[in-house]
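Chemist: Below are the sequence and a predicted model; questions follow.
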Amino acid sequence: MKFPNPVSVKWIAELIQAEIVGDAFSKVYGINEIHKVETGDLCFVDHPKYYNTCINSTATHIIINTKDVKVPEEKNLLVVEEPFEAYLMIVNYFRPFTFTTKAISDTASIGKDTIIMPNVFIGKKVTIGNNCIVHPNVTIMDYSEIGNNVVIQAGSVIGSDAFYYNTKKHRDVWYKRMQSCGNVIIEDDVEIGAGCTIDRGVTASTRIGAGTKIDNLVHVGHDTNVGRNCLFAGQVGIAGAVTIEDGVTLWGQVGVSKTLTIGANAVVLAQSGIPSSLEGDKTYFGYPAEDAQMKRRELVWIKRIPELWKKVMENK
Amino acid sequence: MKFPNPVSVKWIAELIQAEIVGDAFSKVYGINEIHKVETGDLCFVDHPKYYNTCINSTATHIIINTKDVKVPEEKNLLVVEEPFEAYLMIVNYFRPFTFTTKAISDTASIGKDTIIMPNVFIGKKVTIGNNCIVHPNVTIMDYSEIGNNVVIQAGSVIGSDAFYYNTKKHRDVWYKRMQSCGNVIIEDDVEIGAGCTIDRGVTASTRIGAGTKIDNLVHVGHDTNVGRNCLFAGQVGIAGAVTIEDGVTLWGQVGVSKTLTIGANAVVLAQSGIPSSLEGDKTYFGYPAEDAQMKRRELVWIKRIPELWKKVMENK
Amino acid sequence: MKFPNPVSVKWIAELIQAEIVGDAFSKVYGINEIHKVETGDLCFVDHPKYYNTCINSTATHIIINTKDVKVPEEKNLLVVEEPFEAYLMIVNYFRPFTFTTKAISDTASIGKDTIIMPNVFIGKKVTIGNNCIVHPNVTIMDYSEIGNNVVIQAGSVIGSDAFYYNTKKHRDVWYKRMQSCGNVIIEDDVEIGAGCTIDRGVTASTRIGAGTKIDNLVHVGHDTNVGRNCLFAGQVGIAGAVTIEDGVTLWGQVGVSKTLTIGANAVVLAQSGIPSSLEGDKTYFGYPAEDAQMKRRELVWIKRIPELWKKVMENK
């Protein structure tokens, strides 16, 4: 998330009650997770194991719970006891969740010839392009960006919060939500079925590429990046931060684990499970998803075990 | 889809800008897909591979992109460059998607003692019988027909559009929706859980037979024909144009591939996947779903591979 | 379900037209299923196979279709021809489903600083604690009890009716719903994703323990009891009357069969299927879910079958 305008390190330090190590007048442009962060952005880290990764990332400003680290001269530390709480304070300042009784926000922008059906909710600063159809009982949460010729069928939810938690098992409540401040971007000519859920990015965007078509009851996790002209059949589930390249087909009930990549034009057959990255231009099947032909041969081999057993007994 | 009144071949030709080969005054009763088409209906075909199937189907009138075919005397051709676009024009003429701000259409008919809860959407020409309960946040799309004593739990969607696309990978947008003009028919005493989605037929009907009970988050694809007294547990997914005969039980998370048939009184155990037709009166399990007892024995055989390995090594 | 005030056996007998065998003035406190019933409660039984179980349960009053049974002196029989119909009459008397045009019931109680977004339905006697967020298009059915700091994301359904039927295949309609009169209890700090469905208990409660976090499109069946600090990823499906102890993690698309127990701190990997109880503090995988390491080794063994075959052929 970028801030509407850059602020100073000093301003942030006052907001989160931090001690500054570095340049109080340096500009802060936004806050992002370590793998999304850009120069000028803030990042936060609270575990010594990740100190170095964070300090050596592209982040210019680091919210951290120690002063006892080496930092390149151009980077600034904001030292607090609880960096995670500081992150939440910043998100709540810039993108607070706000109560409304309006089903369609005054700050939403809706294009020409776009049809919004009854019982739809459209949140703050949502933009919807031209010639779209948003069917009844759809929910489009704050900051979602939707292109032209997009169809969203009934009951779907765009921009729900990420399933992304800070875990500390010594707390009474083990899991504390890393509050989302990202959004969902749906490009032109995308069609989304009924009863789907597409989570927004934690600090960046979940993207559905142009021309992609999604069937009913499909779940797409936070920060997932879906290419152009993909096809997801019913009840497909995709975890967070996955990269799905152009032209990928996932058949019904396929499950995709987090942060992996599926190469362009891959086809994954129904009910397969994908625990790790897959090369493009191939057909996959099974759990863990493997080359479909190989997997089919495996099923034949399994059926031959009794015969094999018999042969072994005869050999004795 | 049948037209409200029959029209002439000439009238259709003018609508879609087609050249007529045959009888301009012959009557056209409706438009349907090749496997649903009846005498007097229109059908369309754009690939030479399917010319003959279409011409030899029950269709009386054929929208096609060539004049260079042999046709029985009683049949008529409507020749256009893009038959698929012609199909869309006809559907848009007879069943256009129309904007409304009304959550419950004036043209819907709702029976005696039927309860419609808040935040429900009911579209054009929907009919609902007597003594039904439609729970909050349900969406019932245009032309759905619902019998007596039907319960639809919260958040479900009846009559969403089919996931059915015309694929041309040389286009910028690969998949172009074959617009649905069919409907959903839900017979008496059916109960549908929360968060379900039932797609309407592309040109014909998706049917849920009398007395069938469906749990939560179940997806039923377009043109699927479900018999009487079936039982579908949570998160079952059924693709398009499937035939499920009477008394079939599908346990949780079962996935069913398209166009196949499941015989009467078959039982399919949880998480099974069904890639091809199954005989009735049996119990199935696994992927691909097979006789449950056989499949269980297979699992036992797999566990014996290490023992088998050991034996083979000893035999050496 | 407990009645608002205790009633006499005589009063119940008049409501359901039963003959009393026992003390007409004994007090009846509620009606419950056999495994939930407490002293002073009613229970019903209609099949000779279950007569003894019911009579020997904690139930004080038994609705039954025979007089020809031995009953302890302190217990009372209410004899009717159709005990199941009598059950429905009692439920309909005490917890009738009632029509409303109000999206938020006057009898619901909503705590301080709790945000209810547009298009939400909140039923009769629902209680919601402080500092909760109920997102758009959520449905919360009658009698649900929701704690503090609870988040329910868009489109979810809390308190849908149980998928629980009385089966008689000689009837025209085979399955007759055992009408739910229980509720859902969601404890403090629970977060529920978008598009989830949580069924209420048939006569008792479905419980989601404090601090538990649930991702999108998850289904939780009736009477299931989920402990504290559990984590359920997207599209998990849990059947009825399951016990899930504290700290259990279920990854994406896991399916859990009915009435079993998953021990504390168990982890079940994605797409696994759980047909029977699992001990705590272990990691599970596959169908049927087994120790994950063992199951992974099994996958390796399967890949070695062709090699094994070759060896056996050489040994010949």
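Modeler: Yep, that arrived.

Chemist: And the helix or strand of chain A with the lowest mean pLDDT, how far out from the chain middle?
Modeler: Using mean pLDDT, DSSP states H and E, the weakest-scoring helix or strand in chain A turns out to be helix A:305-315, at a mean of 88. Chain-centre distance of helix A:305-315: 51 Å, with CA atoms, centre = their mean, to the nearest Å.

Chemist: For it, buried residues please.
Modeler: Burial within helix A:305-315, assessed by neighbour count using 16 or more other CB atoms under 10 Å in any protein chain shown, is assigned to A:305, A:308-309, A:311-312. Placement of C-beta: from N, CA and C, glycine included.

Chemist: do the same with stretch A:269-284
Modeler: A:269-274, A:278, A:282, A:284.

Chemist: contacts for it?
Modeler: A:233, A:245, A:248, A:251-257, A:260-268, A:285-293, A:295, B:255, B:257, B:273, B:275, B:287, C:253, C:270-271 (CB atoms under 8 Å, 6 or more residues apart in numbering or on different chains).

Chemist: among those residues, which are in helices?
Modeler: Among the contacts of stretch A:269-284, the ones falling in helices (DSSP state H) are A:292-293, A:295.

Chemist: Now the buried members of those residues.
Modeler: Buried subset of the ones in helices among the contacts of stretch A:269-284 (neighbour count, 16+ other CB under 10 Å): A:292, A:295.

Chemist: For the stretch 201-316 of chain A, what lies in contact range of chain C?
Modeler: Neighbours of chain C within the stretch 201-316 of chain A, by CB under 8 Å from any CB of the partner chain: A:217, A:219, A:221, A:235, A:237, A:239, A:253, A:255, A:257, A:273, A:275, A:287-288, A:298, A:301-302, A:304-305, A:308, A:311-312, A:315.

Chemist: most residues in a single strand of chain A, which one?
Modeler: Longest strand of chain A, by residue count under DSSP state E: strand A:2-8.

Chemist: Distance-wise, check the residue nearest to A:L88 when sequence neighbours are not counted relative to chain B.
Modeler: In this structure, A:L88 finds its nearest non-sequential neighbour in A:Q179, 5.6 Å apart by CB to CB, 6 or more residues apart in numbering or on different chains. Note on A:Q179: its distance to chain B, by CB to the nearest CB, to the nearest Å, is 25 Å.

Chemist: ok, now A:Q293?
Modeler: Distance of A:Q293 to chain B, computed by CB to the nearest CB: 15 Å.

Chemist: before we move on, what about A:P83?
Modeler: A:P83 sits 38 Å away from chain B, taking CB to the nearest CB as the criterion.

Chemist: cool, and A:N149?
Modeler: In terms of CB to the nearest CB, A:N149 sits 8 Å off from chain B.

Chemist: That residue contacts A:A210, doesn't it?
Modeler: No - applying CB atoms under 8 Å, one finds A:N149 not in contact with A:A210, separated by 9.4 Å.

Chemist: so which of the buried residues of helix A:305-315 comes closest to A:F163?
Modeler: Among the buried residues of helix A:305-315, A:I305 lies closest to A:F163 (CB to CB), at 40.0 Å.

Chemist: For that closest one, give me its contacts.
Modeler: B:298, B:301-302, B:304-305, B:308, C:305.

Chemist: that's a strand at A:W301, yeah?
Modeler: No - counting by DSSP: H, G, I helix; E, B strand; the rest coil, A:W301 falls outside a strand, being helix.

Chemist: Pretty sure it sits against C:E307.
Modeler: No - using CB under 8 Å, A:W301 is not in contact with C:E307; the gap is 10.2 Å.

Chemist: Between A:N149 and A:A210, which contacts overlap?
Modeler: A:188-189.

Chemist: could you point out where the stretch 201-316 of chain A is predicted with low confidence?
Modeler: A:316 (pLDDT under 70).

Chemist: nearest to chain B, of the buried residues of stretch A:269-284?
Modeler: Proximity of the buried residues of stretch A:269-284 to chain B (CB to the nearest CB) peaks at A:Q271, which lies at 4.5 Å.

Chemist: what's that closest one sitting at in phi/psi?
Modeler: Dihedral pair for A:Q271: phi 70, psi 0, per degrees, to the nearest 10.

Chemist: At the contact with chain B, which residues of the stretch 1-150 of chain A appear?
Modeler: Counting by CB under 8 Å from any CB, the residues of the stretch 1-150 of chain A near chain B are A:115, A:117-119, A:133, A:135-137.

Chemist: Tabulate those residues in JSON lines, adding columns for neighbour count and distance to C:P72.
Modeler: Shown next, in JSON lines, are the residues of the stretch 1-150 of chain A next to chain B (neighbours: other CB atoms under 10 Å in any protein chain shown; distance: CB to CB, whole Å):
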{"residue": "A:I115", "neighbour count": "16", "distance to C:P72": "67"}
{"residue": "A:M117", "neighbour count": "23", "distance to C:P72": "61"}
{"residue": "A:P118", "neighbour count": "21", "distance to C:P72": "59"}
{"residue": "A:N119", "neighbour count": "25", "distance to C:P72": "55"}
{"residue": "A:I133", "neighbour count": "19", "distance to C:P72": "65"}
{"residue": "A:H135", "neighbour count": "28", "distance to C:P72": "59"}
{"residue": "A:P136", "neighbour count": "27", "distance to C:P72": "56"}
{"residue": "A:N137", "neighbour count": "33", "distance to C:P72": "53"}
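
Chemist: which among those residues are in contact with chain C?
Modeler: A:119, A:137.

Chemist: can you list the residues of the stretch 1-150 of chain A next to chain B in JSON lines and add pLDDT and secondary structure?
Modeler: Compiled in JSON lines, those are given as follows (pLDDT from 0 to 100; DSSP: H, G, I helix; E, B strand; the rest coil):
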{"residue": "A:I115", "pLDDT": "97", "secondary structure": "strand"}
{"residue": "A:M117", "pLDDT": "98", "secondary structure": "coil"}
{"residue": "A:P118", "pLDDT": "98", "secondary structure": "coil"}
{"residue": "A:N119", "pLDDT": "98", "secondary structure": "coil"}
{"residue": "A:I133", "pLDDT": "98", "secondary structure": "strand"}
{"residue": "A:H135", "pLDDT": "98", "secondary structure": "coil"}
{"residue": "A:P136", "pLDDT": "98", "secondary structure": "coil"}
{"residue": "A:N137", "pLDDT": "98", "secondary structure": "coil"}
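
Chemist: Switch the residues of the stretch 1-150 of chain A next to chain B over to a markdown table; also include distance to A:G227.
Modeler: Below are those laid out as a markdown table (distance: CB to CB, whole Å):
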| residue | distance to A:G227 |
| --- | --- |
| A:I115 | 27 |
| A:M117 | 29 |
| A:P118 | 33 |
| A:N119 | 32 |
| A:I133 | 23 |
| A:H135 | 25 |
| A:P136 | 29 |
| A:N137 | 29 |
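
Chemist: Go ahead and measure how far stretch A:156-173 is from the middle of the chain.
Modeler: Centroid separation between stretch A:156-173 and its chain, computed with CA atoms, centre = their mean, is 13 Å.

Chemist: Kindly state the domain boundaries assigned to chain A.
Modeler: According to automatic domain parsing, chain A comprises the domains A:2-94, A:109-295.
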